[in-house]
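*Asks:* Show me how the following folds:
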Amino acid sequence: MYGFQSDGGQQVDVVVKRIWLHYFKLPIDTMPEFNRGNPKSAYAIVREHFFDGEWWEAYDLIEFLIKSI
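*Replies:* Residues are numbered from 1 along each chain as shown. Down below sits the predicted model:
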C-alpha cells in the first residue's frame with residue numbers, strides 16, 4: 001500500500017492510482033511506490049508533472065481530479 005497506513009493514506013493511494021491509470025493512461029503495474037523520499041516515486045512523477053509541466057497541464061490535472069471526485 002505504498003507506505004501509508006491510515007484511512008487518509010488509503011484515499012491518497014486510490015487518487016494516485018486513478019491519476020496513473022486514467023490521467024497518465026499508464027498500466028497500473030508500472031506505477032512506482034508513492035514515497036516522498038524517492039526521486040523516482042509516483043509522488044515525484046505527479047509533482048513534477050504538476051509543477052514543471054506547461055501551465056495548462058496543471059489545470060488539466062486539477063480538472064481531472066475535480067471530475068473524478
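*Asks:* Please, which helix or strand holds the residue most central in space within the chain?
*Replies:* A centroid search over the chain (Cα atoms, centre = their mean) returns Val16, at 3.5 Å, as the residue closest to the centre. Using DSSP states H and E, Val16 sits within helix 7-18.
*Asks:* what's the next secondary structure element after that helix?
*Replies:* Using DSSP H and E, the first helix or strand after helix 7-18 is helix 42-52.
*Asks:* and that next one, which residues are buried?
*Replies:* The neighbour-count check on helix 42-52 (16 or more other Cβ atoms under 10 Å) flags 42-46, 49 as buried. (Glycine included, C-beta is placed from N, CA and C.)
*Asks:* Would you format the residues you listed as JSON lines with distance to Lys67 and pLDDT included?
*Replies:* Rendered in JSON lines, the data for the buried residues of helix 42-52 read as follows (distance: Cβ to Cβ, whole Å; pLDDT from 0 to 100):
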{"residue": "Ala42", "distance to Lys67": "20", "pLDDT": "92"}
{"residue": "Tyr43", "distance to Lys67": "22", "pLDDT": "89"}
{"residue": "Ala44", "distance to Lys67": "24", "pLDDT": "91"}
{"residue": "Ile45", "distance to Lys67": "21", "pLDDT": "94"}
{"residue": "Val46", "distance to Lys67": "17", "pLDDT": "93"}
{"residue": "His49", "distance to Lys67": "17", "pLDDT": "95"}
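*Asks:* By average pLDDT, which secondary structure element in the protein comes out worst?
*Replies:* Using mean pLDDT, DSSP states H and E, helix 7-18 stands out as the lowest-scoring helix or strand of the chain, at a mean of 82.
*Asks:* which other helices and strands contact that helix?
*Replies:* helix 42-52 (3 or more Cβ pairs under 8 Å, 6 or more residues apart in numbering; DSSP states H and E).
*Asks:* what's the helix it packs on packed up against?
*Replies:* Against helix 42-52 (3+ Cβ pairs under 8 Å, 6+ apart) you get helix 7-18, helix 55-67.
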